[in-house]
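In: A predicted structure for the sequence below; I have some questions about it.
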Amino acid sequence: MMSEKEKMLSGQLYDANYDEQLIAERNQCKDLCFEFNQIKPSDIKAQQKVIRALFGQIKSTFTITAPFWCDYGYNIEIGDNFYTNHHCTILDAAKVTFGNNVFIAPNCGFYTSGHPVDAEKRNQGLEYAYPITVGDNVWIGAGVSVLPGVTIGCNSIIGAGSIVNRDIPANVVAAGNPCREVRSIADVDSCAKDK
């Protein structure tokens, strides 16, 4: 029989509200977020130590500006030269992966979690989680919400205030509610993976 955590990580409906293991993991994560948010902004070493304890994978250079909140931490992976401004929230019940050179403006949210349409299931504390992937060289404007299961392609720009509820291709400017491609940036795809 699968644990609720295994269900969560495999994209199935799972008990988010009453499972003791997940509650304990969220509480541990929230304590680390609280600790991070209380550190003096000038104490970068202490801030980075907490984030390294929190996130699942970190490359070399990153800046996270407090306040910052997430649910589990271990499902977050960031590439080199990652930057997020104030008030970033990542609900990481599923994997949230950021490429290299990702810049995130203030008040942005990345939400892997969703709830069933059926009220009876929703009221039982059930939810689902689908991964979010953000490619290399992406700039996300202020007040953007990225919803479950979305992939944002490399080199793209997401305009301020956008609600991203579907995949956004590489090399475009996209904006709106719902977010959609406004124009192309370039015809060259520089998102090839090193092999």
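Out: Perfect, I can see it now.

In: who does the helix or strand K49 falls within touch, helix- and strand-wise?
Out: Here K49, judged by DSSP states H and E, is contained in helix 44-54. Of the remaining helices and strands, those touching helix 44-54 by 3 or more C-beta pairs under 8 Å, 6 or more residues apart in numbering; DSSP states H and E are helix 20-38, strand 62-64. Any C-beta I mention is one placed from the backbone N, CA and C, and that applies to glycine too.

In: flag every buried residue along it.
Out: Buried positions in helix 44-54, judged by neighbour count with 16 or more other C-beta atoms under 10 Å: 47-48, 50-51, 54.

In: quick revisit: kindly reformat the helices and strands packed on helix 44-54 as a markdown table containing mean neighbour count, distance to A170 and mean pLDDT.
Out: Rendered in a markdown table, the data for the helices and strands packed on helix 44-54 read as follows (neighbours: other C-beta atoms under 10 Å; distance: least, C-beta to C-beta, whole Å; pLDDT from 0 to 100):
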| stretch | mean neighbour count | distance to A170 | mean pLDDT |
| --- | --- | --- | --- |
| helix 20-38 | 15 | 31 | 98 |
| strand 62-64 | 18 | 22 | 97 |
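
In: okay, now the unreliable bits of this protein?
Out: Under the criterion pLDDT under 70, the flagged ranges of the chain are 186-195.

In: and the helices in it?
Out: The residue ranges that make up the helices of the chain, judged by DSSP state H, are 4-9, 20-38, 44-54, 119-123.

In: and these: which comes nearest V182?
Out: V182 sits nearest to helix 44-54 of all these, at 33.1 Å, using C-beta to C-beta.

In: for the closest one, the distance to its chain's centre please.
Out: On the basis of C-alpha atoms, centre = their mean, to the nearest Å, helix 44-54 is displaced by 18 Å from the centre of the chain it belongs to.
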